[in-house]
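> sequence? don't have it. structure:
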């Protein structure tokens, strides 16, 4: 019985460290979002929103994104026209990646998870909160 408890605990600790310490391949996540019409596009483990940008700039998005807890920029820049952020969950530290681009007056925000199949709506809520902060 003690061996089983030890193995379960060891697996739990390994999973925790694996999720938190796995290196991020920026090339896999900093990709141009699909060119879509204005709207919301939920997908398994992610969410994409496309809006007419109006007067919103990537500097505005950067301000909102970096004000989000546990969020940091991992690639891109305002000058490039595309920025990718990593946001980690509080307890486990699961990383989600959000790529934002501004092209031809359209703001595209694509959020997706790295591990698992379901994000339990976390990416959708984050994107919608960012859009609300931006007035979109």
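The structure has been received and is ready for your questions. Quick caveat, the model's predicted, so the values are computed rather than measured. Numbers count the residues shown, from 1 in each chain.
> now the helix ranked longest in the chain: how far from the chain's centre is it?
Secondary structure assigned by DSSP state H gives helix 2-21 as the longest helix of the chain. Between the centre of helix 2-21 and the centre of its chain there are 26 Å (Cα atoms, centre = their mean, to the nearest Å).
> swap in stretch 55-69?
Using Cα atoms, centre = their mean, the offset of stretch 55-69 from its chain centre is 13 Å.
> Stretch 118-135 now?
The answer for stretch 118-135 is 9 Å, by Cα atoms, centre = their mean.
> gap between the two ends of stretch 27-36?
End-to-end distance for stretch 27-36, by Cα to Cα, to the nearest Å: 22 Å.
> in the chain, which helix or strand is least confident?
For the chain, using mean pLDDT, DSSP states H and E, the weakest element among its helices and strands is helix 2-21, scoring a mean of 83.
> And the next helix or strand past that helix?
The C-terminal neighbour of helix 2-21 among helices and strands, as given by DSSP states H and E, is helix 26-29.
> which residues sit against the next helix or strand after that next one?
Going down the chain from helix 26-29, the next helix or strand is strand 39-43, by DSSP H and E. Outside strand 39-43, the residues within contact range by Cβ atoms under 8 Å, 6 or more residues apart in numbering are 47, 48, 49, 50, 112, 124. In this view, the C-beta of every residue, glycine as well, is placed from N, C-alpha and C.
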